[in-house]
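# Need coordinates for the below:
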Amino acid sequence: MAGRESNRALQPGRSVAGTNLEFTRSHNRRVVLDTVRRLGPVSRAEIARETALTNQTISNIVEELEQAGFLLAGEPKREGRGQPSIPYAINPEGAWSLGFHVDHSAIIAALVDLTGKPVAIREIPAQRPSPHSAAPALRRLADELTAEAGIPASRLLGAGVALPVRFGVGAITTAGPTTLPGWDDPDARQHIAEALAQPVQIENDAMAAAIGERLHGVARAIDSFVFLFLDEGLGAGVFLGGQPWRGASLNAGEIGHMIVAPNGKPCPCGNRGCLERYLSLSAAQEFLADQPGAPALSELDGAPSAPVERWVADAAPYLAGAVNILESTLDPETILLGGLAPAGVLASLIEKAEPLPMSVGSRSGRRLPRLMAGSVGHHTVVLGAASLPIFDEINPRFDVLLKH
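The predicted model follows:
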């Protein structure tokens, strides 16, 4: 028996331990905040019913959050007999958050309130910025935004930085024109945090957009979804069971380098026939370069032009195939298509991708379409980046109850 116990102790794997009051309270606090975010304004009794926590626990947590300024009490409402109920909502001015979208040619900064509403936005030019070259600019932008809004640094939850990056030196996806240098370095986050004097989270642009969508967009009541982010490349932010899925090396969602055309177009990653060589803004621009008189995608303001529609017709089957693979692998409630492409182009891609191939997503009684539009536009990523500290504060995290 002793030998068997010794061998068991040497086996690798994740250890799971019991929790304690501190971790339970942190988890319950997030559960309450998330419930108010989704359902508010909502009373203490309604929060208790939704969360299965005791009335006393809810009263203690709500009182704590109200004193901290995160919750705002509304006017009492009398419903039948008994004491009137007080509805609670997220207090927009309970805290603020900074977001930065660092891209190949620009840095966009945003200051948002606790509901994710932008208070101020700035943009400056940049040329493939590294963490060291970007740090002074980020600090300057942060100072300008907080000064303009009159927000003291003590009321900031932190800052989120989103950019086209993949983590892990040596991975094929760190190469190529769609990524930026130096941001996968383990010291990058600490360098930016020291420059800003704030807690900092660094996230790839697709996942940041997905988190913003989960907090403030069409996915706020969707627990499992994939956000396809159409930019110069193609990435995906994955949510499963209300939690972001980042993978073993933080690189989950690298769908742009999934091979869809064996021996197809060469890709900077070293493979051939990668999905983003057919479905991305850079693929569209390459296609349109061969179309006489075709407008740039950035010039489109309404319905796509005839040359753009020809690219859409060419790219839509690849989108449909990607939907089939994602549904068959992850079984999400829906797949969202968003990003920096014009809204009309994304709508046309969704339309032309129909009919979608059969998959587990073809089930009857669906609540949501299999493929639908997500957030689009120039500020999609920066608002997602600004959501990162808010998400960390509000979203329930089951890992705090486990010992890894």
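# Can you tell me the SS state at Gly158?
Following DSSP: H, G, I helix; E, B strand; the rest coil, the label given to Gly158 is strand.
# same question but for Ala347, I mixed them up
Three-state assignment for Ala347 (three-state DSSP): helix.
# Gly235 too?
Recorded secondary structure, Gly235: strand (three-state DSSP).
# thinking it is in contact with Glu254, fair?
Yes - taking CB atoms under 8 Å as the definition, Gly235 is a contact partner of Glu254 at 6.7 Å. Just so you know, the C-beta spots here come from the backbone N, C-alpha and C atoms, and that holds for glycine as well.
# more neighbours, the two?
Just comparing Gly235 and Glu254: by other CB atoms under 10 Å the higher neighbour count belongs to Gly235, 29 against 22.
# quick one: contacts for Val32?
Contacts for Val32 were tallied using CB atoms under 8 Å, 6 or more residues apart in numbering; they are Ile47, Thr51, Leu53, Ile58, Ile61, Val62, Leu65.
# And Leu196, how close does it get to Pro342?
From Leu196 across to Pro342, the span is 33 Å (CB to CB, to the nearest Å).
# no, scratch that, I was asking about Gly116
Here the criterion is CB to CB. By it, Gly116 lies 23 Å from Pro342.
# In terms of neighbours, single out the busier of these two.
Just comparing Gly116 and Pro342: by other CB under 10 Å the higher neighbour count belongs to Gly116, 23 against 20.
# where does the more buried one fall, phi/psi-wise?
Backbone geometry at Gly116, expressed as degrees, to the nearest 10, gives phi 90, psi 0.
# pretty sure it is touching Pro389, no?
No - in this structure Gly116 lies outside contact range of Pro389 using CB under 8 Å: 11.0 Å.
# So which elements touch the helix ranked longest in the chain?
The longest helix of the chain (DSSP state H) is helix 306-330. For helix 306-330, the packing partners by 3 or more CB pairs under 8 Å, 6 or more residues apart in numbering; DSSP states H and E come out as strand 225-230, strand 234-240, helix 281-288, strand 334-339, helix 343-352.
# between the ones you listed, which one is nearest to Ser130?
strand 234-240 (20.3 Å; CB to CB).
# Give me the distance from the helix or strand following that closest one to the chain's centre.
Proceeding N to C from strand 234-240, the next assigned helix or strand is strand 243-244, under DSSP states H and E. Relative to its chain's centre, strand 243-244 lies at 9 Å (CA atoms, centre = their mean, to the nearest Å).
# Can you tell me the strand partners of strand 243-244 and which way each runs?
Sheet pairing of strand 243-244 (DSSP bridges) gives strand 234-240 (antiparallel).
# May I have the strand it pairs with as CSV, with CA atoms only?
Taking Å, rounded to 0.1, in the frame of the first residue of the first chain, the C-alpha atoms of strand 234-240 are listed here in CSV:
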residue,chain,number,x,y,z
LEU,A,234,-8.3,36.1,-39.3
GLY,A,235,-8.5,35.1,-35.6
ALA,A,236,-11.1,33.8,-33.2
GLY,A,237,-12.0,34.5,-29.6
VAL,A,238,-13.6,31.4,-28.0
PHE,A,239,-16.0,31.4,-25.1
LEU,A,240,-17.1,28.1,-23.6
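# Can you give me the end-to-end span of stretch 263-276?
Terminal residues of stretch 263-276 lie 14 Å apart, using CA to CA, to the nearest Å.
# Would you agree Gly212 is in contact with Gly377?
No - judged on CB under 8 Å, Gly212 makes no contact with Gly377 at a distance of 11.5 Å.
# If you count surrounding residues, which of these two has more?
Neighbours were counted for Gly212 and for Gly377 using other CB under 10 Å; Gly212 has more, 33 against 13.
# now the host helix or strand of that one and strand 234-240, what's the angle there?
Assigned by DSSP H and E, Gly212 belongs to helix 205-216. Angle of helix 205-216 versus strand 234-240, following axes from the mean of the first three to the mean of the last three CA atoms, to 10 degrees, is 40 degrees.
# Give me the below-cutoff pLDDT ranges for the chain.
1-22, 80, 82, 167-178, 293-302, 398-404 (pLDDT under 70).
# any idea how it splits into domains?
The chain breaks down into these domains under automatic domain parsing: 19-90, 96-209+383-394, 218-378.
# which one of the ones you listed is the most hemmed in?
With neighbours taken as mean count of other CB atoms under 10 Å, the domains of the chain reach their highest mean count in domain 96-209+383-394, at a mean of 20.
# how far does that one sit from the chain's center?
With CA atoms, centre = their mean as the basis, domain 96-209+383-394 stands 13 Å off its chain's centre.
# end to end, how far does that domain reach?
From its first residue to its last, domain 96-209+383-394 covers 13 Å (CA to CA).
# Closest to Arg272 out of the contacts of Val32?
Closest to Arg272 out of these is Thr51 (50.7 Å), distances taken as CB to CB.
# hmm, back to that, out of the contacts of Val32, who's nearest Leu279?
Leu279 lies nearest to Thr51 out of the contacts of Val32, by CB to CB, at 40.7 Å.
# ok, the closest one touching Thr35?
Yes - using CB under 8 Å, Thr51 makes contact with Thr35 at a distance of 5.8 Å.
# returning to what we had before: what angle do the longest helix of the chain and strand 334-339 make?
Calculated by the same axes, to 10 degrees, helix 306-330 forms an angle of 140 degrees with strand 334-339.
# tilt between helix 306-330 and helix 343-352?
60 degrees.
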